[in-house]
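Chemist: need a 3D model of the following:
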Amino acid sequence: MDFSKLDGLIPAVVQDRTSGEVLMVGFMNDEAWARTCETGFVTFFSRTRNTLWMKGETSGNRLAVRQIFTDCDDDTVLVKVDREGDGNVCHTGQRSCFYTEVPVSGARPPAGNASGPAGVAR
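Modeler: Below you'll find the model as predicted:
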């Protein structure tokens, strides 16, 4: 992985392996990356606390790694996971961190039925 571009960090997009829903985005440094690969649970680097943290270490809502993909520049990862615990990933108690829709004036309505991110019905 190329940790040289964002002050030693890479973005990590976390996606539910079954539904395809994007659950959250965090950052990893080389140590968080290594720990994620070694333990099989997503570990991030907290920029505000300047420390590693494993998602769900206190709530029990861990993210079990099933697949990891790197982008073409080796500076971003997509982590496909199975959720443990109650399945809510966001610190607000929501299933995903992406639950607030922003209106876009030129946006086209979705084909078929009204749905949220990644085809998840609202």
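
Chemist: list the buried residues of stretch 95-102.
Modeler: 95-98 (16 or more other CB atoms under 10 Å). From N, CA and C alone the C-beta is placed, and that goes for glycine too.

Chemist: center of this protein, which residue is that?
Modeler: For the chain, residue 14 is the residue whose C-alpha lies nearest the centre (CA atoms, centre = their mean; 2.4 Å).

Chemist: need the pLDDT of that residue.
Modeler: Note for residue 14: predicted pLDDT of 98.

Chemist: can you offset everything so residue one is 22?
Modeler: In the new count, where the first residue is 22, that last one comes out as residue 35.

Chemist: what pairs with the particular helix or strand that has it in it, parallel or antiparallel?
Modeler: If you go by DSSP states H and E, residue 35 is part of strand 31-37. Here strand 31-37 has these sheet partners by DSSP bridges: strand 43-49 (antiparallel), strand 98-104 (parallel).

Chemist: out of the ones you listed, which comes closest to residue 124?
Modeler: Minimum separation from residue 124 across the strands paired with strand 31-37 (CB to CB) falls at strand 43-49, 19.3 Å.

Chemist: centre of the chain to that closest one, how far?
Modeler: In terms of CA atoms, centre = their mean, to the nearest Å, the centre of strand 43-49 is set 3 Å apart from its chain centre.

Chemist: pLDDT on that strand, on average?
Modeler: 97.

Chemist: contacts for that strand, please.
Modeler: Residues from elsewhere that reach strand 43-49 (CB atoms under 8 Å, 6 or more residues apart in numbering): 27, 30-37, 57, 63-66, 68, 76, 84, 98, 102, 104, 110-111, 116-119, 138-139.

Chemist: and these, which of them are buried?
Modeler: 30-31, 33-37, 57, 63-66, 76, 84, 98, 102, 104, 110, 116-119.

Chemist: does residue 38 touch residue 86 like I think?
Modeler: No - taking contacts as CB atoms under 8 Å, residue 38 lies outside contact range of residue 86: 9.2 Å.

Chemist: joint contacts of the two?
Modeler: 101-102.

Chemist: neighbour count winner among the two?
Modeler: Neighbours were counted for residue 38 and for residue 86 using other CB atoms under 10 Å; residue 86 has more, 19 against 15.
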